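Undergrad: Got a predicted model here, sequence first, then my questions.
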Amino acid sequence: MTSAETIRVDLADRGYDILVGAGMMAELGYAIRTRFGVRRAFIVTDEQVAKHWLEPARQALSAAGCQTELIVLPNGEAAKSFAQLERLLDRLLDARIGRDGVVVALGGGVVGDLAGFAAAITLRGLDYVQVPTTLLSQVDSSVGGKTAINTRHGKNLVGSFHQPGLVVIDTAVLDTLPSREVLAGYAEVVKYGLIRDSAFFDWLEVNGAKVLAGDPEARRIAVVESCRAKANIVAADERETGDRALLNFGHTFGHALEAEAGFDGRLLHGEAVAIGMILALDLSHLMNLCPGQDVDRVRRHFARVELPMDIASIAGSNAWNAPVLIDHMRHDKKVLQGRMRFIMARCIGEAFVTAVVEEDVVTAVLKKSLTATPNSMTPPVKISGVTVGTASSGS
Ligand code: GLY
């Protein structure tokens, strides 16, 4: 039997366990049976994940006595649509899913968000289990109960909070993940260090390369620490009225970059978040909130692990401009009473939310990033006598 680390998301009667370990896929059926009893398991996955993980998941469920049904979605962000949601709901209802059913979301963030939303609204709420197969979904989207689809008005604008009943994370599945996907997910790992835990950032500076290279113990620690951080934040603020917003560090910028890139695969969510976090740090420094040496430390780490840092590193971004990006930010669902909200940093390990940001300062930060030498330690810009992006002036 695989030894798993158990992390509890402490949400009273909606609380649940996150099980993390290499080889956990083989325990999926027993983990479900232990918590829910024997169930009809409706596996929702995509074509790519199905190639590698469908049979192991199915076998594990059958071995525990669960009857399995299968629903395969197309690959990619386009699956988070009304059309695919309708198709999924029809499949669940055609198969006469009842309260004895459990939806098993086997895949990355797209599968988890769509399957979770289907579980939230079918028969007014079904149990579901997250079995995330990307680093990004293991450390972020599978935990916390955010479910959604995209509409023509924007990403994740239709959805609900519906907590899973269990999250089963097999860190060994990352071995079949393309390295670009692992690196993109790693940006969300770094985020936990940046927003609340400087000791974790210290650890990543030493061990991040091992996490990316596939060292099993380094991967286990990175996933466990990230899930622990997320579980604590979600338990304290399930509905994002307070500290949960810190998890959006880098996301106001990142979502604007994704919207402008158009979800065509040239920019992964984690890559957008990586660039967005650097923009948020630059903005914090420019506003004299965060010491320049902290921004440089993060840049050095990103350079070492080859995470993108500047907008200029995105293919086609030479045709972009700051006003268009700011316009995307205004349409972010985090906008409150017409004011954009930013997650800023006081230093590595301490983030906070503010709406007190001048647009010309945001414009300056975007312009610098749009014209930077891709992934270099960019030269400083001076605005109103303040220096941004250098190893010097403290806050
Ligand atoms: N991914 C951000 C959150 O779950 O709140």
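TA: Noted; the coordinates are in hand. Keep in mind that this is a model prediction, so the values were computed, not measured.
Undergrad: can you tell me which residues contact the closest residue to residue 340 other than its chain neighbours?
TA: Spatial nearest neighbour of residue 340, excluding adjacent residues (C-beta to C-beta, 6 or more residues apart in numbering): residue 329 at 5.3 Å. C-betas here are computed from N, CA, C, even on glycine. Residue 329 is in contact with 252-253, 255-256, 335, 340, 362, counting by C-beta atoms under 8 Å, 6 or more residues apart in numbering.
Undergrad: What score does residue 329 have for pLDDT?
TA: Per-residue pLDDT puts residue 329 at 91.
Undergrad: which SSE is it in?
TA: helix 322-330 (DSSP states H and E).
Undergrad: same deal with residue 168?
TA: Residue 168 is part of strand 166-170, with elements assigned from DSSP H and E.
Undergrad: which phi and psi does residue 308 have?
TA: Dihedral pair for residue 308: phi -70, psi 150, per degrees, to the nearest 10.
Undergrad: Those residues of this protein touching the ligand, which are they?
TA: Counting by C-beta under 6 Å from any ligand atom, the chain comes close to the ligand at 140-141, 144, 146, 244, 247.
Undergrad: repeat that with 5 Å
TA: 140, 144, 146, 247 (C-beta under 5 Å from any ligand atom).
Undergrad: Which among the residues you listed count as buried?
TA: The neighbour count (16 or more other C-beta atoms under 10 Å) marks 140, 144, 146, 247 as buried among the residues of the chain next to the ligand.
Undergrad: Mind putting the residues you listed into JSON lines with pLDDT?
TA: Shown next, in JSON lines, are those (pLDDT from 0 to 100):
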{"residue": "140", "pLDDT": "98"}
{"residue": "144", "pLDDT": "98"}
{"residue": "146", "pLDDT": "98"}
{"residue": "247", "pLDDT": "97"}
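Undergrad: Switch these over to CSV, and while doing so, append distance to residue 53 and secondary structure to every line.
TA: As requested, these are arranged in CSV below (distance: C-beta to C-beta, whole Å; DSSP: H, G, I helix; E, B strand; the rest coil):
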residue, distance to residue 53, secondary structure
140, 19, helix
144, 22, coil
146, 23, strand
247, 26, helix
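Undergrad: for the residues you listed, which one is nearest residue 7?
TA: The closest of those to residue 7 turns out to be residue 144 (C-beta to C-beta; 12.2 Å).
Undergrad: mind showing which ranges of this structure have poor pLDDT?
TA: In the predicted model of the chain, residues 1-2, 333-334, 336-338, 375-395 satisfy pLDDT under 70.
Undergrad: Strands along that one, start to end?
TA: For the chain, the strands defined by DSSP state E cover 5-9, 16-21, 40-46, 67-73, 101-107, 127-132, 146-151, 154-161, 166-170, 342-347, 350-354, 381-383, 386-388.
Undergrad: Does anything pack onto the third one? Which helices or strands?
TA: Contact partners of strand 40-46 among helices and strands, from 3 or more C-beta pairs under 8 Å, 6 or more residues apart in numbering; DSSP states H and E: helix 55-63, strand 67-73, strand 101-107, helix 109-121.
Undergrad: Point out the most buried one among these.
TA: Highest mean neighbour count among these (mean count of other C-beta atoms under 10 Å): strand 101-107, with a mean of 29.
Undergrad: What lies in contact with it?
TA: Strand 101-107 has contacts (C-beta under 8 Å, 6+ apart) with 28, 32, 36, 39-46, 49, 53-54, 57, 61, 73, 92, 97, 111-112, 115-116, 118-119, 122, 126-134, 137, 142, 164-165.
Undergrad: No further queries at this time; thank you.
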